[in-house]
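Trainee: The amino acid sequence is not available; the structure is as follows:
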């Protein structure tokens, strides 16, 4: 039951994010570049992103102790590995590597979170 509820909450947040992102991009491309609302429009997709975070936190709270421990270990690995990768690349940018957008950080962390989750599942099988 809780996984179904989580998927519904997460899916609604993702759908909202897609709609708001598309609207934000459209309005930014068709509007005046000097419009005072430009910054607000660019950050508007973060509202449904907050709903996605809320869904994840609610799911973590619904988990039992072992599941929570496994997610904590996976998130710890994701945090540490992302910090190492992004910091390392920051030094490489200092010697001429191309600059990378901050949009890369979340996918990197998500991959490490997935890897950490898989390792944790294998460990506690």
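Mentor: Arrived safely. Nothing here was measured: the structure is a model prediction, and the numbers come from that model.

Trainee: do you know how far the most centrally placed residue in the chain is from residue 112?
Mentor: Centroid-nearest residue in the chain, with CA atoms, centre = their mean: residue 106, separated by 4.9 Å. To residue 112, residue 106 is 11 Å away according to CB to CB, to the nearest Å. For the C-beta atoms, the positions are set from N, CA and C on the backbone; glycine is no exception.

Trainee: Now stretch 63-82: buried residues?
Mentor: 70, 71, 73, 74, 75, 77, 78, 81, 82 (16 or more other CB atoms under 10 Å).

Trainee: Now do the contacts for residue 110.
Mentor: Contacts for residue 110 (CB atoms under 8 Å, 6 or more residues apart in numbering) come out as residue 78.

Trainee: Make residue 1 into 38 and carry on from there
Mentor: I'll keep to 38 as the first residue from here, and by that count the last item is residue 147.

Trainee: Would you list the phi and psi of it?
Mentor: Main-chain torsions, residue 147, degrees, to the nearest 10: phi -60, psi -40.

Trainee: So for it, what pLDDT did the model give?
Mentor: On the pLDDT scale, residue 147 is placed at 96.
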